[in-house]
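1. what would the 3D arrangement of this be:
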Amino acid sequence: MSSKKHILKSAGIIGSATVISRILGFVRDIIIARFFGTTRYAQAFFVAFRIPNMLRDLIGEGATNAAFVPVLSEYYATKKKEEFWHLANVLLNVVLIALSAVTLLGVVFAPLIVRLIAPGFIADPEKLNITIYLTRFLFPYVLLVGLLAYSMGILNSLKHFSAPALAPAILNLSIIICALLRKGSVMALAIGVLAGGVAQLLVQVPVLRSRGFRFNFRSGLRHAAVKKIGVLLAPRILGSCVYQINIFVNTMLASLARIVGEGGVAALYYANRIFQFPLAIFGIAVAQAALPTMSREALESGLGKLKETLSFSLRAVNFIMVPASLGLMVLARPITAVLFERGMFDSYSTSITSHALAFYSIGLFSYAGIKMLVSCFYSLKDTLTPVKIASVSLILNIVLNLILMFPLKISGLALATSISGSFNFFMLFFMLRKKIGGLDGFKILNSFLKAVAAGAFMALVIYFCSFKIGLNLFVVIFIGVASYVFLAFIFDVKEAKGFLKWALRRS
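-> Presented below is the predicted three-dimensional model:
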């Protein structure tokens, strides 16, 4: 199977599982919005849950993408299976010890962490105390999700994607069940998170065993490849720190209700959840599927094949993300209202969330492209360059936050994120081209401009259908998708033909 077909097939598996997860995630968020809206309990839970999620990216899934997959892919391709599984056991021992220590420190220092990440909560003692308690309760999730990320790294290195991709769906289902069993209890959400973390991990175990994994604690903590992973991981941790500082700053500023308005933390969360839907289904799916392929191409086939894979992946991402970005900008309010406006989630909550969503959506295709470019750097075992660029983007984002939050309130934080994300993408592209030579830039730009032209006409169609005729949202979305596909063929967007052929072969 060619690399393009393999990436599309793998992305299809990941994307399909992600669709299930995101649908359940929306059901979860709809339930949370109904019971808690943008009140203090919702904000307390979102801040408490965000803290272990930050650490998950820092030492969990981020480590998997940056260091585990390239090294493990190389090891599996060049060494005996027994040596590969020995390395896997050593890694597990290291992960267990490191994450257990982090969890313990998190429980102890939860009060300080909450005060740092959400200083606006200090003015509301009840909200502050609830957030600290929930943070302590949820910190063991770091250990669970770190082990999940470890298993994901092993399985993705073996080009098995389905079981890890389904894990988030299990978490969402667990939270939904717990929330419905104890309606209106914020503790039910926290219990659902921990129960879901355990269930996620248990699902991976049979698959790992079927692939040959056998746990052996006596494997120790030392291995030459572990040192290699550590070298790759250190810059990735720094890069994740930059990204997490960005989230910290956004949360800190969103908690300042006197400046950005009440409910800012919750509004950013709900808007980001909608924003992440197309990004996760396709952008992250393509990047995750392409990473093992690009890692092996960088090792075995030279830069020519790697560049071809990257060019194809960026054009595929643009074909989906450009219309998704434009569609979300136009339909931000009706989408937010249909998904969340009920119960405690009132018209004010809809207004602040939809405004944030519209400004987030401006940077959708940039963030999808960042995922691909960073994966390419990782496949070349260069984890330092993305860190440098992310650091500059962080400074830009903070400056823009402080400028835009006053006139635009919570929307200003979302717009700052989009602008800094676009800057990040263009800098990554420029530095990668400088590193490995031409990246088929004209072909990528031509594909992007055609997608923008088709997407702009689609945006006019859905605006007219939604706001002038008043059609049902789902009918408008269907018309929008159909019009974009039609216009993509009119504008000769070659990716449209490729996706159609791929879909027909799968049907």
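
2. so Ile122 touches Leu128, yeah?
-> Yes. Ile122 lies in contact with Leu128 (CB atoms under 8 Å); the separation is 5.9 Å. C-beta coordinates here come from the backbone N, C-alpha and C atoms, glycine included.

3. which residues are common contacts for the two?
-> Arg115 (CB atoms under 8 Å, 6 or more residues apart in numbering).

4. hmm, which helix or strand of the protein has the shakiest average pLDDT?
-> Least confident helix or strand, the chain: helix 61-63 with a mean of 54, by mean pLDDT, DSSP states H and E.

5. that older thread, Ile122 and Leu128: which is more packed in?
-> Using other CB atoms under 10 Å as the criterion, Ile122 and Leu128 rank with Leu128 on top: 21 against 12.

6. spit out the contact partners of that one.
-> Val114, Arg115, Ala118, Phe121, Ile122.

7. from those, which would you call buried?
-> Val114, Ala118, Phe121 (16 or more other CB atoms under 10 Å).

8. let me know the closest of the residues you listed to Lys228.
-> Among these, Val114 lies closest to Lys228 (CB to CB), at 36.7 Å.

9. now do the contacts for the closest one.
-> Contacts of Val114 (CB under 8 Å, 6+ apart): Val47, Ala48, Ile51, Phe121, Leu128, Thr131, Ile132, Thr135.

10. mind running it again at 7 Å?
-> For Val114, the contacting residues are Val47, Phe121, Leu128, Thr131, Ile132, Thr135, by CB atoms under 7 Å, 6 or more residues apart in numbering.

11. just the element for it, please.
-> For Val114, the element it lies in under DSSP states H and E is helix 110-117.

12. what is the rounded mean pLDDT of that helix?
-> Throughout helix 110-117, pLDDT has a mean value of 90.

13. list the buried residues of it.
-> In helix 110-117, counting by 16+ other CB under 10 Å, buried: Ala110, Ile113, Val114, Ile117.

14. want to throw those residues into a markdown table with distance to Asp346?
-> Below are these laid out as a markdown table (distance: CB to CB, whole Å):
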| residue | distance to Asp346 |
| --- | --- |
| Ala110 | 31 |
| Ile113 | 31 |
| Val114 | 27 |
| Ile117 | 26 |
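
15. ok, for Leu415, nearest residue in space, not its chain neighbours?
-> Of all residues not flanking Leu415 in the chain, Phe359 sits nearest, at 4.1 Å (CB to CB, 6 or more residues apart in numbering).

16. I figured the one you found was touching Leu413, is that so?
-> No. Here Phe359 lies out of contact with Leu413, judged by CB atoms under 7 Å, at a distance of 8.4 Å.

17. the two: who's more crowded?
-> The residue with more neighbours, out of Phe359 and Leu413, is Leu413; 27 against 24, by other CB under 10 Å.

18. what residues are up against the more buried one?
-> Residues in contact with Leu413, defined by CB under 7 Å, 6+ apart, are Asn250, Leu253, Ala254, Leu268, Asn401, Met405.

19. now those residues: which count as buried?
-> By the neighbour-count criterion of 16+ other CB under 10 Å, the contacts of Leu413 include these buried positions: Asn250, Leu253, Ala254, Leu268, Asn401, Met405.

20. so who does the third one touch?
-> The contact partners of Ala254, taken as CB under 7 Å, 6+ apart, are Val260, Gly264, Val265, Leu268, Ile410, Leu413.

21. can we see that at 10 Å?
-> By CB atoms under 10 Å, 6 or more residues apart in numbering, the contact set of Ala254 is 43, 46-47, 118, 120, 260-261, 263-269, 356, 401, 405, 409-410, 413-414.

22. go on, the second one?
-> With CB under 10 Å, 6+ apart as the criterion, the residues that contact Leu253 are 119-120, 259-260, 264-265, 268, 398, 401-402, 405, 410, 412-413, 416.

23. now restrict those residues to buried residues only.
-> Burial by neighbour count, 16+ other CB under 10 Å: within these this picks out Gly120, Val260, Gly264, Val265, Leu268, Ile398, Asn401, Met405, Ile410, Gly412, Leu413, Ala416.

24. contacting residues for the first one?
-> The neighbours of Gly120, taking CB under 10 Å, 6+ apart as the test, are 43, 127-128, 251-260, 264-265.

25. where does pLDDT dip in the stretch 401-507 of the chain?
-> Residues of the stretch 401-507 of the chain that meet the criterion pLDDT under 70 lie in 496-507.

26. tell me which other helices or strands the one helix or strand Asn89 maps to touches.
-> Element membership of Asn89, judged by DSSP H and E, is helix 81-108. Judged by 3 or more CB pairs under 10 Å, 6 or more residues apart in numbering; DSSP states H and E, helix 81-108 is in contact with helix 40-59, helix 61-63, helix 69-78, helix 125-138, helix 140-157, helix 224-254.

27. which parts of that helix are buried?
-> Of the residues in helix 81-108, 84-96, 99, 102-103, 106 count as buried by neighbour count, 16+ other CB under 10 Å.

28. just stretch 429-444 next, same as before
-> Under the neighbour-count criterion of 16+ other CB under 10 Å, stretch 429-444 has Phe429, Met431, Leu432, Ile436, Leu439, Asp440, Ile444 buried.

29. for the stretch 301-450 of the chain, just list every one of the helices.
-> For the stretch 301-450 of the chain, the helices defined by DSSP state H, counting those that start in this stretch occupy 303-330, 332-340, 347-361, 364-379, 384-408, 410-436, 441-463.

30. picking that back up, dump the contacts of Leu413 into TSV; add distance to Arg315 as well.
-> Listed next are the contacts of Leu413 as TSV, based on distance: CB to CB, whole Å:
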residue	distance to Arg315
Asn250	31
Leu253	36
Ala254	35
Leu268	31
Asn401	32
Met405	35
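
31. and the gap between Leu194 and Asn156?
-> Going from Leu194 to Asn156 by CB to CB, to the nearest Å gives 25 Å.

32. if you count contacts, what does the strand or helix carrying Val203 end up packed against?
-> Using DSSP H and E, Val203 sits in helix 186-210. On a contact count with 3+ CB pairs under 10 Å, 6+ apart, helix 186-210 meets helix 3-36, helix 40-59, helix 125-138, helix 140-157, helix 162-181.

33. between the shortest one and helix 110-117, how big is the angle?
-> In this case it means helix 125-138. Going by axes from the mean of the first three to the mean of the last three CA atoms, to 10 degrees, helix 125-138 is angled at 120 degrees with respect to helix 110-117.
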